[in-house]
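Colleague: Model the following, please.
(one chain, ligands or ions: 1)
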Amino acid sequence: MTTPTAHPQNLAATLRRLLYFALAAVALVAVLASCDTPLTTFEPRSDAAQRVHTIYIFVIVAASIVGFLVLAAMAYILWKYRERPGHTAQQIHGNTTLEITWTVIPILILVAIAIPTIVWIAGTTAEPDEDALHIEAVGHQWWFEFRYPGLGPDGEDLVTANELRIPVGRQVAITLEAKDVIHSFWVPQLVGKTDMVPGRTNILEKFTATEVGTFYGQCAEFCGSAHALMRFRVHVDSHADFDRWVENMNADPVPPEEGSVEAAGARVFTNFCARCHTIYGVSTEEIGPNLTLFGDRATLGAGILDSTDENLKAWVSNIRDIKPVLETTNAMPTFYVGDPLVDQLTEAQVDQVVVYLKSLKLR
Ligand code: CUA
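Modeller: Sure thing, here's the model as predicted:
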């Protein structure tokens, strides 16, 4: 009987190819590791995210050790018991000690992983702290609404959109709902991800942010054509900054000076934008995002664009240049494309409303 044997030269070539492949993989990992990754879970900035991270690292380390030991043992056995002329393989039928060992060890590892996991999962439904900040997050196609019960004008909800503000070091208890289809709330560095389901209130794991900063959120459930463009930010503020924001949201806006560009923009807002958008003290419709203190938002279009004058102008003119949004009753109309048959606003009016919206700032 003849058996094929690896030619030493072929083996060397194969090993060299494997080495090149491994080096390329290491280089790729190094390049990717230096990318900006705002949706990372590796830099937890809340107690909840830290719990997930701890379990994750534990599992990764345990899996790496197991993987290394298994591969090393396999390599050793393949080499030691390789076929050689003059050697006959030993015929083995069962080994009770070995079989018990390789059953018991994985059981112990799985139990060690299961205990912190189950403890953590049980903790996700714990009652909120007494002084927790309560927030309702509502998913819409395609933006996020955030409501702070009791903090708004006349003790009503305080409503904002796409940029959630929370104080550092205070527990946050968020309930999740959806207006139209299923969305999902996910802020990798803080908390998540939990589905937002129409007709049902889901409870997000309570969390306490540990650091002031801005963190990226993303809808994590496919919800239609603009799903990938449904993002948000969480601003973790100092207590003083958060209180100041709540106070300013509730303060009546200063009316723009008569004859100014802001005043012209305010008229455009009242005649067009106010059909859907609330600005406290100016308008009350809640079809679209609440725009109170819009000038202090860092982003627009549900977190996809920096809030620059240029981007805002493009967004107000025709959101369909930016997001795949159909003309539906609940979607923002196209206001200006330079076609008199379509345009509801002139370019000058768009410019005016941009100036007005950007002027709505904290005092
Ligand atoms: Cu909302 Cu995906």
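Colleague: Mind listing the residues bridging to Gln171?
Modeller: Taking DSSP bridges, one finds Thr208 as the beta-bridge partners of Gln171.
Colleague: looking at it, it is touching Ala132, isn't it?
Modeller: Yes. Because the distance of 4.1 Å satisfies C-beta atoms under 8 Å, Gln171 is recorded as touching Ala132. Where C-beta positions appear, they are placed from N, C-alpha and C, glycine not excepted.
Colleague: For the two, indicate the residue with more neighbours.
Modeller: Gln171 (20 against 16; other C-beta atoms under 10 Å).
Colleague: pLDDT at that one, what is it?
Modeller: Predicted confidence (pLDDT) for Gln171: 96.
Colleague: do the same with Thr328
Modeller: As predicted, Thr328 sits at a pLDDT of 74.
Colleague: swap in the one 10 residues further on?
Modeller: At Gly338, the predicted lDDT confidence score is 88.
Colleague: Could you report the separation of Pro333 from the ligand?
Modeller: Distance, Pro333 to the ligand, by C-beta to the nearest ligand atom, to the nearest Å: 21 Å.
Colleague: Overlap in contacts, Gln171 and Ala132.
Modeller: Jointly contacting Gln171 and Ala132 under the rule C-beta atoms under 8 Å, 6 or more residues apart in numbering are Lys206.
Colleague: For the residue of the stretch 51-200 of the chain found nearest the ligand, list each beta-bridge partner.
Modeller: Using C-beta to the nearest ligand atom, the single residue of the stretch 51-200 of the chain nearest to the ligand is His183, 3.4 Å away. Counting by DSSP bridges, His183 forms beta bridges with Met196.
Colleague: tell me the contacts of it?
Modeller: Counting by C-beta under 8 Å, 6+ apart, His183 touches 139-140, 195-196, 219, 221, 223, 230.
Colleague: State the pair within those that is farthest apart.
Modeller: The span of the contacts of His183, defined through C-beta to C-beta, is set by His140 and Asp195 at 14.6 Å.
Colleague: Which one's more surrounded, those two?
Modeller: Shown here are His140 and Asp195; by other C-beta under 10 Å, His140 has more neighbours (21 against 16).
Colleague: Which residues are in contact with Lys193?
Modeller: 184-186, 220.
Colleague: Give me the buried entries from the residues you listed.
Modeller: Taking 16 or more other C-beta atoms under 10 Å as the criterion, what is buried in the contacts of Lys193 is 184-186, 220.
Colleague: And those residues, which two are furthest apart?
Modeller: Farthest pair in these (C-beta to C-beta) is Phe185 and Ala220. Separation: 7.6 Å.
Colleague: what is in contact with those two at once?
Modeller: Residues touching both Phe185 and Ala220 by C-beta under 8 Å, 6+ apart: 192-193.
Colleague: Run through the residues of the stretch 101-250 of the chain sitting next to the ligand.
Modeller: Taking C-beta under 6 Å from any ligand atom as the contact definition, the stretch 101-250 of the chain meets the ligand at 139, 142, 183, 219, 221-223, 227, 230.
Colleague: Which of these are buried? Put it as a ChimeraX command.
Modeller: Remark: buried members of these, expressed as a ChimeraX selection using 16+ other C-beta under 10 Å:
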select :139,142,183,219,221,223,227,230
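Colleague: if you look at the residues of the stretch 101-250 of the chain next to the ligand, which of them are in strands?
Modeller: Cross-referencing those against strands under DSSP state E gives 139, 183.
Colleague: Out of the residues of the stretch 101-250 of the chain next to the ligand, which sit inside helices?
Modeller: Using DSSP state H, no member of these falls within helices.
Colleague: Perfect, that will be all.
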